[in-house]
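# Just a sequence and a predicted model for now, questions to come.
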Amino acid sequence: MLTPKIQLAKSPRPVKHHQWTDKEDKALIQFLDLSHLDQDENVTDTASWPMRHANSPFWTEAATSIKTATRSSELLSANTVRNRCRKWRTKFDESLEAAVKSFGLETNSISRAKKTKETVSRGCQTKKLTVDQQTQTEHSCQDDVTTVLSSCKALTQSEFDSFMLMLLPQIVQSSSVLSFGDKLFSVVATAKNISTYPTDFFSKSINAMSTLQEHNKPNILYKFAHILSTNRPGTSTPLLQIDRMPFGLLQYQMEFFLATQCTSG
């Protein structure tokens, strides 16, 4: 007599919880601090703790801000960020000011960063000039630029980070954002003593990633950078070894298509 097989139900896999780092927590508190700026960038109540409903885009914006501030490759879920916010809200008795001080952030970072941004806005305003006004205005613009630089240099690191977070949306909306990115990348590459970079690397990278996404392809541009910049555990050798195959094959293919494009053009 055959005994029927009993199928045991598989135990559900344990949910993997995100292990928050100090940098991520600090970035979250800083985002909450900056959220007290209204749409006109005026400072509202600086003490109360901002909370939104679960489906609010506020939490996705917070996750993006954390990813940018920490330079992480991982984008946290909105629910993960909201739950973390609730935890800190309880710990600090709903006092955002207390949390800001606890994480070593400047308590007046909002006001100082906002003041600096207002200075930049005044310095970047475009005015219609008459010929007689041109010389006088050129001197005025130079004074504005000097004032902007002085204001930026006077900020602490925390205040400068807050200032840049407020300024970035305006930069992204600018028609010359890719050109600005190319110039910024060139400055950073030069500072890192990199002499082999093309001056349009930033814009080319953005356009390349857009092309991959439009064709539903993975972001191999980022993956290539990752396996070259990440070392194998316990070694100084990149995940993709430069002195072995298939690096040579990849290099040949890239050089071939680039040369073909140049000769066919």
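All right, it came through fine.
# all contacts plus neighbour counts: C-alpha atoms, from now on.
OK.
# check contacts around the nearest residue to residue 229 once chain neighbours are set aside.
Excluding the flanking residues, the one nearest residue 229 by CA to CA, 6 or more residues apart in numbering is residue 238, at 6.3 Å. Counting by CA atoms under 8 Å, 6 or more residues apart in numbering, residue 238 makes contact with 227-232.
# again, 10 Å this time
With contact taken as CA atoms under 10 Å, 6 or more residues apart in numbering, residue 238 is in contact with 226-232.
# and it, what pLDDT?
For residue 238, the pLDDT comes out at 92.
# which residues does it form a beta bridge with?
Residues in a beta bridge with residue 238, per DSSP bridges, are residue 231.
# From the contacts of residue 238, list just the buried residues.
Taking 16 or more other CA atoms under 10 Å as the criterion, nothing in the contacts of residue 238 is buried.
# can you put those residues in TSV and add distance to residue 254 and pLDDT?
Shown next, in TSV, are those (distance: CA to CA, whole Å; pLDDT from 0 to 100):
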residue	distance to residue 254	pLDDT
226	18	92
227	17	92
228	16	92
229	19	91
230	21	92
231	23	92
232	24	92
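# Any regions of this structure where pLDDT drops low?
Along the chain, segments meeting pLDDT under 70 span 1-16, 36-48, 106-152, 154, 261-265.
# looking at this, residue 194 is in a strand?
No - Residue 194 sits outside any strand when classified using DSSP: H, G, I helix; E, B strand; the rest coil, being coil.
# wouldn't residue 54 be in contact with residue 77 here?
No - the criterion here is CA atoms under 10 Å, and residue 54 misses it with residue 77 at 11.3 Å.
# quick check, nearest of the contacts of residue 238 to residue 63?
The shortest approach to residue 63 among these belongs to residue 226, at 21.5 Å (CA to CA).
# Go ahead and list the helix or strand containing residue 50.
Using DSSP states H and E, residue 50 is not contained in any helix or strand.
# what's the burial count for the residue nearest to it when sequence neighbours are not counted?
Distances taken as CA to CA, 6+ apart put residue 32 closest to residue 50, at 6.7 Å, once the chain neighbours are dropped. Neighbour count for residue 32, taken as other CA atoms under 10 Å: 21.
# just residue 83 next, same as before
That count, for residue 83 with other CA under 10 Å as the rule, works out to 13.
# Run through the residues that contact it.
Residue 83 makes contacts with 54, 59, 89, as judged by CA under 10 Å, 6+ apart.
# Which of those residues are buried? Put it as a ChimeraX command.
Typed into ChimeraX, the line below selects the buried ones among these, using 16+ other CA under 10 Å:
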select :59,89
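# JSON lines please, covering the contacts of residue 83 and showing secondary structure and distance to residue 248.
Shown next, in JSON lines, are the contacts of residue 83 (DSSP: H, G, I helix; E, B strand; the rest coil; distance: CA to CA, whole Å):
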{"residue": "54", "secondary structure": "coil", "distance to residue 248": "50"}
{"residue": "59", "secondary structure": "helix", "distance to residue 248": "44"}
{"residue": "89", "secondary structure": "helix", "distance to residue 248": "53"}
